[in-house]
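K.L.:
take a look and give me a structure for this.
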Amino acid sequence: MRNRYQGSTSSWRLLAAGLMAFLFIAVPTWGQQTSSTVKEDDKATDKATDKTNGKETNNHRVVRTFGSEKGYHTELSNESTDRLAQEDQRQLSLLMIDVFEHVEKARLALDADDPKEALKEVSKCREGTLAIRKMLPKTTIHTKTVAPDGKPIFEDELVIQDDTIPLYAGILHSETLAPIVEARRNAFTIAGLQVVESQRVITEAVAKLDQIDAQLAKATKALTESKSDVATKALAMALVRGLDFRSVKEDSELASARDAIWFAKRSLEEDNPAQAMANMSIAHQRLMAYREVLPKDHRKDVDEMLREVEQMENQLRQEKATPTNHTDRIRQSQMVTHWWDKVNTWFHRHL
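P.N.:
As a prediction, the model looks like this:
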């Protein structure tokens, strides 16, 4: 069995993985010209127990056959495991943020001529990425070609793991985003690259685990060989190639609403209803502006959130006369956190 995330991945293997994914998403024209059948395993929705850690997983298996029954034919089976829940995605995001923080600490240690401390930080980075690997779902693609006499003439198995980690749980507000943006800007300089600054609003950050792992491996090797300059560049490239900021001009109002929601959450956690009210008002205004750029049939989710925001604003106004209790404050904070999560799923979806 070959794992895409173990060792280097060649262009041919990436091409093969992309082709496999295409075959399961789109109906193949050459398969239609002969025969193509699709079936889902009867036990696709059954829960299977992972014997290594006792964790219950949902396995989903799809089998597609190409070619004629009496001639040469190829069977492609696609089995996916461990679909991530939203809370699991938040865990991955937070772990990835921690990895980037240790990358920056390693770079600072090298700047201070402390390679021993830098190696310690890089090792912590690799512990973090290994933990993320264990949590990420995997897809196993099995290919089997059979001759007319029923004998297999080719068989292969490929394990694919998506290496992109959306960073939306806590990274996209100004307190945590700014230092990472600055670290990445410095990394471009160290790597000898030039970057054109963009004035557009950053609405999404995505980590690329394969690129990060490759650069961390280079940094580890360089540090064990006392090559600090090589390690410094590898760590810089981990930020350059391993982190992607994306922005869409039309999302700027939504990004502003999201940031205001985040600060409203912080204010509620600090039991500061006046500041929470001010941030909530900004969020309300930005959501209204975002609603106006949407097609009418895409406004339902936004309208629902606007009603909830109005209710929260009314509750906060009433606190001037009747202060809320601790239980209600926790409930309010949880509701705002729910808005934060939901808004982050809207980027690029509605437009």
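K.L.:
and the next element down the chain from the longest helix along the chain?
P.N.:
Using DSSP state H, we find that the single longest helix of the chain is helix 86-111. Per DSSP states H and E, the first helix or strand lying C-terminal to helix 86-111 is helix 115-135.
K.L.:
adjacent strands (with direction) for the helix or strand that that next one is followed by?
P.N.:
Downstream of helix 115-135, the next assigned helix or strand under DSSP H and E is strand 139-146. If you go by DSSP bridges, strand 139-146 pairs up with strand 73-80 (antiparallel), strand 152-160 (antiparallel).
K.L.:
so for residue 323, which of the ones you listed sits nearest?
P.N.:
strand 73-80 (50.0 Å; Cβ to Cβ). C-beta here means a position set from N, CA and C on the backbone, and glycine is covered the same way.
K.L.:
follow-up on the earlier one: and the longest helix of the chain, what does it pack onto?
P.N.:
Judged by 3 or more Cβ pairs under 8 Å, 6 or more residues apart in numbering; DSSP states H and E, the packing partners of helix 86-111 are helix 115-135, strand 164-166, helix 174-190, strand 204-208, helix 209-224, helix 228-242.
K.L.:
least reliable of the ones you listed going by mean pLDDT?
P.N.:
In terms of average pLDDT, helix 174-190 trails the rest of those, at a mean of 57.
K.L.:
so which of the strands paired with strand 139-146 gets nearest residue 267?
P.N.:
Short answer: strand 73-80, nearest of the strands paired with strand 139-146 by Cβ to Cβ, at 40.8 Å.
K.L.:
out of the helices and strands packed on helix 86-111, deepest packed?
P.N.:
helix 228-242 (a mean of 22; mean count of other Cβ atoms under 10 Å).
K.L.:
still on that earlier bit, save the helices and strands packed on helix 86-111 as CSV, and put in distance to residue 63 too.
P.N.:
Formatted as CSV, the helices and strands packed on helix 86-111 follow (distance: least, Cβ to Cβ, whole Å):
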stretch, distance to residue 63
helix 115-135, 27
strand 164-166, 27
helix 174-190, 43
strand 204-208, 31
helix 209-224, 28
helix 228-242, 35
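K.L.:
nearest to residue 309, out of these?
P.N.:
Across the helices and strands packed on helix 86-111, residue 309 has its closest neighbour in helix 174-190 (21.0 Å, Cβ to Cβ).
K.L.:
what about stretch 313-329, how long is it end to end?
P.N.:
The first and final residues of stretch 313-329 sit 13 Å from each other (Cα to Cα, to the nearest Å).
K.L.:
mean confidence for it?
P.N.:
The average pLDDT for stretch 313-329 rounds to 87.
K.L.:
where does the residue lying closest to residue 299 once chain neighbours are set aside land on pLDDT?
P.N.:
The shortest distance from residue 299 to any non-neighbouring residue, by Cβ to Cβ, 6 or more residues apart in numbering, is to residue 291 (5.6 Å). Note on residue 291: pLDDT of 86.
K.L.:
and the chain, what are its domain boundaries?
P.N.:
2-84+138-161, 86-134+165-249, 251-345 (automatic domain parsing).
K.L.:
which residues touch the residue nearest to residue 299?
P.N.:
For residue 291, the contact set (Cβ atoms under 8 Å, 6 or more residues apart in numbering) comprises 299, 302-303, 306.
K.L.:
what does residue 279 give?
P.N.:
Residue 279 touches 260-261, 263-264, 267, counting by Cβ under 8 Å, 6+ apart.
K.L.:
same check, this time on residue 343
P.N.:
254, 257-258, 261, 305.
K.L.:
among these, which are in helices?
P.N.:
Per DSSP H, the contacts of residue 343 map to helices at 254, 257-258, 261, 305.
K.L.:
quick one: which of these has the most company?
P.N.:
Among the ones in helices among the contacts of residue 343, the one with the most neighbours (other Cβ atoms under 10 Å) is residue 261, at 29 neighbours.
K.L.:
does that one touch residue 342 like I think?
P.N.:
No - contact criterion Cβ atoms under 8 Å: residue 261 and residue 342 do not qualify, at 9.5 Å.
K.L.:
still on that earlier bit, for residue 324, find the nearest of the helices and strands packed on helix 86-111.
P.N.:
Here helix 174-190 is closest among the helices and strands packed on helix 86-111 (Cβ to Cβ), at 25.6 Å.
K.L.:
hang on, the earlier thing: any idea which of the strands paired with strand 139-146 is most buried?
P.N.:
It is strand 73-80: most buried of the strands paired with strand 139-146 by mean count of other Cβ under 10 Å, with a mean of 18.
K.L.:
for the stretch 251-351 of the chain, give me the ranges with low pLDDT.
P.N.:
Applying pLDDT under 70 to the stretch 251-351 of the chain flags residues 251, 348-351.
K.L.:
so which of the contacts of residue 343 comes closest to residue 205?
P.N.:
Nearest to residue 205 among these, with distances taken as Cβ to Cβ, is residue 258, at 12.6 Å.
K.L.:
what's the closest non-adjacent residue to the closest one?
P.N.:
That would be residue 343: by Cβ to Cβ, 6+ apart, it lies 4.6 Å from residue 258.
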